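Kindly return the folded structure for what I paste below:
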Amino acid sequence: MLADWESVFRQGLLTFWTFVALSQEGADVGAVKQRIEALTGGTYRPAEQTLYRQLRRHLDVGLVEQTKVPSPMGPPKNVYKLSSRGRRLLRAFARHNIAPFGDPTVQDLLR
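Have a look, this model is predicted:
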């Protein structure tokens with residue numbers, strides 16, 4: 001039951017973790033994946049293909065920006081970063097949905 005609940009929970013938070021991973025600096029998909037794994041203590045390991053699809057959707061609506069960076073070997077790398085609109089959306093989401101986790105009742109559950 002816990003595994004099922006966590007699976008649904010993770011799917012719903014992929015955008016949040018991706019945006020947090022891009023909130024400080026741009027990154028290619030491999031680095032975004034590594035940042036998400038680090039941020040979640042290794043409990044969330046999104047597939048790179050899933051991240052590519054998600055980033056394309058966010059790029060299409062202006063939440064993410066993409067630049068091509070020359071690569072010493074092979075084609076240029078796509079580096080993604082949050083747009084100013086994406087940063088505003090992340091802050092609003094965090095205030096509405098993450099800040100309540102600081103409530104004393106929730107904090108008691110974590111102890």
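
Model confidence at V8, what's the number?
According to the model's per-residue confidence, V8 sits at a pLDDT of 81.

P76 too?
Taking P76 on its own, its pLDDT is 92.

ok now do V20, which residues does it touch?
By Cβ atoms under 8 Å, 6 or more residues apart in numbering, the contact list for V20 reads 35, 39, 90. Bear in mind the C-beta positions are built from the backbone N, C-alpha and C, glycine included.

Next, name the residue at the spatial heart of the protein.
The chain has T18 as the residue nearest its centroid, 1.0 Å off, counting by Cα atoms, centre = their mean.

Doesn't that one lie inside a helix?
Yes - checked against DSSP: H, G, I helix; E, B strand; the rest coil, T18 lies within a helix.

before we move on, the earlier item: weed out the non-buried ones from the contacts of V20.
35, 90 (16 or more other Cβ atoms under 10 Å).

Dump the contacts of V20 to a markdown table, plus distance to V8.
Written out in a markdown table, the entries for these read as follows (distance: Cβ to Cβ, whole Å):
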| residue | distance to V8 |
| --- | --- |
| R35 | 22 |
| L39 | 19 |
| L90 | 21 |
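
so of the contacts of V20, which ones are in helices?
Assigned to helices by DSSP state H, the following of the contacts of V20 qualify: 35, 39, 90.

Which secondary structure element is home to K68?
Using DSSP states H and E, K68 maps to strand 64-69.

likewise Y80?
When elements are defined using DSSP H and E, Y80 is found to belong to strand 77-82.

how many degrees apart are that strand and strand 64-69 in direction?
Computed by axes from the mean of the first three to the mean of the last three Cα atoms, to 10 degrees, the angle separating strand 77-82 from strand 64-69 equals 150 degrees.

Sweet, I'm off.
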